[in-house]
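# Pasted the sequence and its predicted model underneath.
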Amino acid sequence: MRGLMLPATIIFAVALAQTPDFSAPGSLGWDYRIEDIPGTTEVMEDSRIYFPDSAGEFPQSAVPAPIVVFGHGWLMGIDRYYSFAEHLASWGYVTVLPTFSNPITDPEHDKRARLMADAARFTSALDTLPGDRFFSRLDRWNWGFAGHSMGGSISLLAADTLGLYDTLRAVVALASPQTSPPTQPEHLLVPKLLLPGSVDNIAPWQDVRSAFWADAPPPGTFAVIKGANHGYYMDYSYFWENGGTATITRDTQQMIARRHLTAYFERYLRGDSSAWNFAYTYGDSILHHPTMETVEVRLLPGLADGPLLTLAGDLSTASNPARGRVLIRYGLHESGAFSLSVYDSRGRRVRALADRREPAGVRVLAWDGRDDTGSELPAGTYFIRFASSGRAATRRVVLLR
């Protein structure tokens, strides 16, 4: 029997249907709940948690749902960002809008960075609460941080200082100025997307680049939206908050931000390693898109050819030898199984760090210098081996005591 021949126009239409529009709402409905979220320094009262919804039920297609925490700007409320939370929930993310305070004299960004992590931990714990809507529905250790202005800044500071190596998968910052205390960009091992505006005079893109990008390691993308100001990232703003006269509309600016933010989280929280996703995170659809004025991308060398494995000591010094802790950055080009182990100088395996499946992407794991029994290993030379898809990479580290 001869195969069915389809007209070329129909084949083309099918191909288009399979490529998602990251700027458009996802396939799911959404709802939200209000929570007073306890934090290390304050209670985040009347925070909102948005989630995917289908006729009053958590849709099985969204399980397990990653967690995104979206931070608000200085002296702004979470009501400025409802559209972002609704959008992400429609794509299957549980999205938290925490309500931290806004001190005028001292921004205390380090405290607010901790509140971002507190909000993520509170939400992830709901996955273990029998009877809760989120019970057994969340990908509880798979987080993304995002935010506008101060919210994006403290997301990056959290990635720098809080040691969230096993949970925080990606950070997206919209028009975010340097923090106080300052973020050290060389410590930002997490995948990061920075989206400032070309006419923003509150967080000029040159300052954003200097603060978070100039010395940052890969992977990451820095993209300046042409004609975007500071205020139009929000659902509403007053003229004195806009920080420059935009040459594009608010709807257009938010659409551009949603498009690349969603693509980035789909890549690193959902494991979308498709060519279509790559185009909007690192490729031509962001590099040469007419909505962008300046774009820089940094990819991890060699990731397409096999497993990536790099080591560093304590983040404050990036030293190797390391005193008691080694940071291991590993990467998978495609979703799959891998193992990560530590061997001593005689070739004996002394610690099994990981043996599991993970989606494509880059992550950081900390080894505390102990063996499988929890005992401290003596000072000396050790080898960390990462194996995946029949390929392996080994790195040598000298552990000091």
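Here it is on my side, so go on. Numbering: from 1, shown residues only.
# so what's S345 closest to, chain neighbours aside?
Closest residue to S345 apart from its sequence neighbours, by CB to CB, 6 or more residues apart in numbering: T381 at 4.9 Å. C-beta here means a position set from N, CA and C on the backbone, and glycine is covered the same way.
# neighbours around that neighbour, how many?
For T381, the number of neighbouring residues by other CB atoms under 10 Å comes to 12.
# L261: which element?
If you go by DSSP states H and E, L261 is part of helix 250-269.
# whoops, I49 was the one
Assigned by DSSP H and E, I49 falls within strand 43-53.
# Who are the packing partners of that strand?
With contacts defined as 3 or more CB pairs under 8 Å, 6 or more residues apart in numbering; DSSP states H and E, the packing partners of strand 43-53 are strand 29-38, helix 82-90, strand 94-97, helix 109-125.
# Deepest in the core, which of those is it.
The highest average neighbour count among the helices and strands packed on strand 43-53, using mean count of other CB atoms under 10 Å, belongs to strand 94-97 at a mean of 29.
# right, and the secondary structure at the residue nearest to the spatial centre of the chain would be what?
The centroid of the chain falls nearest to A170 when counting by CA atoms, centre = their mean (1.6 Å). What DSSP: H, G, I helix; E, B strand; the rest coil gives for A170 is strand.
# Dig out what it forms beta bridges with.
Applying DSSP bridges to A170 gives these bridge partners: G144.
# contacting residues for it?
Contacts for A170 (CB atoms under 8 Å, 6 or more residues apart in numbering) come out as G144, F145, V190, P191, K192, L193, Y264, F265, R267, Y268, L269.
# Is it correct that the fourth one is in contact with G220?
Going back to what we said before, that points to P191. Yes. P191 is in contact with G220 according to CB atoms under 8 Å; the separation is 6.2 Å.
# What is the neighbour count of M150?
24.
# okay, it: pLDDT?
The predicted structure scores M150 at 97 on the pLDDT scale.
# domain assignment for the protein?
21-298, 303-400 (automatic domain parsing).
# which SSE is the closest residue to D371 other than its chain neighbours in?
Nearest non-adjacent residue to D371, counting by CB to CB, 6+ apart: V350, 4.5 Å away. Secondary structure assigned from DSSP H and E places V350 in strand 349-358.
# tell me which residues of that strand are tucked away?
Buried positions in strand 349-358, judged by neighbour count with 16 or more other CB atoms under 10 Å: V350, R351, L353, E358.
# winner for burial among the domains of the chain?
Mean neighbour count, computed with mean count of other CB under 10 Å, is highest for domain 21-298 among the domains of the chain, reaching a mean of 20.
# Where do the helices of the protein begin and end?
8-17, 82-90, 109-125, 150-161, 205-208, 250-269, 275-281, 284-287 (DSSP state H).
# thought L365 was touching Y330?
Yes. Using CB under 8 Å, L365 is in contact with Y330, at 7.0 Å.
# Need the overlap of contacts for those two.
L340.
# and stretch 248-264, how far out from the chain's middle?
17 Å (CA atoms, centre = their mean, to the nearest Å).
# and it, average pLDDT?
Mean predicted confidence for stretch 248-264 is 98.
# Same check on stretch 280-298?
95.
# can you give me the end-to-end distance of it?
End-to-end distance of stretch 280-298 (CA to CA, to the nearest Å): 14 Å.
# which other residues reach that stretch?
With CB under 8 Å, 6+ apart as the test, stretch 280-298 has contacts from 22, 193, 198, 205, 213, 216-226, 248, 252, 256, 259-260, 263-264, 267, 275, 279, 299.
# And the residue nearest to the centre of the chain, what's its pLDDT?
pLDDT recorded at A170 is 95.
# which residues sit in contact with G92?
The contact partners of G92, by CB under 8 Å, 6+ apart, come to G26, L28, P52, P59, S61, A62, A65, P66, R270.
# now swap in D272 and tell me
Residues near D272 by CB under 8 Å, 6+ apart: A263, E266, A360.
# where's the nearest residue to the second one once chain neighbours are set aside relative to F145, distance?
The spatially closest residue to E266, leaving aside those adjacent along the chain, is D272, at 4.3 Å (CB to CB, 6+ apart). Relative to F145, D272 is positioned 19 Å away (criterion: CB to CB, to the nearest Å).
# do the same with P378
The gap separating P378 from F145 is 38 Å, by CB to CB.
# ok, now H87?
16 Å.
# Equivalent analysis for P219, please.
Distance from P219 to F145, counting by CB to CB: 16 Å.
# Likewise for A85?
From A85 across to F145, the span is 14 Å (CB to CB).
# so where's the protein uncertain?
Applying pLDDT under 70 to the chain flags residues 1-18, 301-325, 333-334, 361.
# Now with 50, please.
1-17, 302-307, 312-319 (pLDDT under 50).
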